[in-house]
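Student: fold the following.
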Amino acid sequence: MTLYEIEGELLALLENGFNAACIDEDGVVDEERAAEYLEKLPIERDKKLEAYGLVIKNYTAEIEAIKQEQANLTARRQAKEKQVERLKNAITNSLVAFNQPKFETAKVAFTFRKTSSVEVDMDILAKEYIREKIEYSADKTAIKNAIKAGKVIAGAQIIEKQALQVK
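Tutor: Residues are numbered from 1 along each chain as shown. The predicted structure is shown next:
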């Protein structure tokens, strides 16, 4: 039985004194069976809640392991990217030093292609070439403090929630 089903059966027992499982073949409520279910269902509910909690703990541990592995992989990727950049710089420096525009073997080839980029000094750049970017965001800490101090702020409210903790 799922937690939802257990709770439904338990609520039916508490509200009506019986549930579908307490009705015998003749359609009569079996009081003994109802008492047995009223004793058994809370125990099943507790076991199901415990099982759900253990699943949450396992998933949380897996999530943390995945996050750690992602961090490890990101660090490894970044280290490899830096190594590639260092090797490319070494090749470029060597080819330029020997005035060699290309290098080629059966397994690898190096050539240069022209690229262009714009470098700017923002301090002396004319305003017509500067793009202004304005970003607005709510100062939620200030809003929360103001509301707690008794201010009414249009468009803002504090919402109380419950966060389940699994230990």
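Student: what about the chain, any weak spots by pLDDT?
Tutor: Residue ranges of the chain with pLDDT under 70: 18-19, 164, 166-167.
Student: repeat the analysis, applying 50 as the threshold.
Tutor: Scanning the chain for pLDDT under 50 picks out no residues.
Student: what about the strands in the protein?
Tutor: Secondary structure of the chain (DSSP state E): strands at 102-104, 109-111.
Student: make JSON lines out of those and add mean neighbour count and distance to Ile43.
Tutor: Where C-beta positions appear, they are placed from N, C-alpha and C, glycine not excepted. Output for the strands of the chain, formatted as JSON lines (neighbours: other C-beta atoms under 10 Å; distance: least, C-beta to C-beta, whole Å):
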{"stretch": "strand 102-104", "mean neighbour count": "10", "distance to Ile43": "77"}
{"stretch": "strand 109-111", "mean neighbour count": "11", "distance to Ile43": "73"}
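Student: wait, which of these is closest to Glu39?
Tutor: Judged by C-beta to C-beta, the one of the strands of the chain that comes nearest to Glu39 is strand 109-111, at 80.5 Å.
Student: Throw the strands of the chain into TSV and include distance to Glu15, thanks.
Tutor: Shown next, in TSV, are the strands of the chain (distance: least, C-beta to C-beta, whole Å):
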stretch	distance to Glu15
strand 102-104	84
strand 109-111	80
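Student: nearest to Arg76, of those?
Tutor: Smallest distance to Arg76 across the strands of the chain (C-beta to C-beta): 25.7 Å, for strand 109-111.
Student: quick one: list the elements packing against the closest one.
Tutor: The contact analysis (3 or more C-beta pairs under 8 Å, 6 or more residues apart in numbering; DSSP states H and E) places strand 109-111 against strand 102-104.
Student: pairing partners for the strand it packs on, with directions?
Tutor: Here strand 102-104 has these sheet partners by DSSP bridges: strand 109-111 (antiparallel).
Student: what's in contact with the partner strand?
Tutor: If you take C-beta atoms under 8 Å, 6 or more residues apart in numbering as the criterion, strand 109-111 is touched by 91, 95, 101-104.
Student: quick one, helices of the chain?
Tutor: 3-16, 31-97, 140-148 (DSSP state H).
Student: which of those sits most buried?
Tutor: Most buried of the helices of the chain by mean neighbour count (mean count of other C-beta atoms under 10 Å) is helix 3-16; its value is a mean of 14.
Student: re earlier: nearest to Thr60, out of the strands of the chain?
Tutor: Taking C-beta to C-beta, strand 109-111 is the member of the strands of the chain nearest to Thr60, at 49.1 Å.
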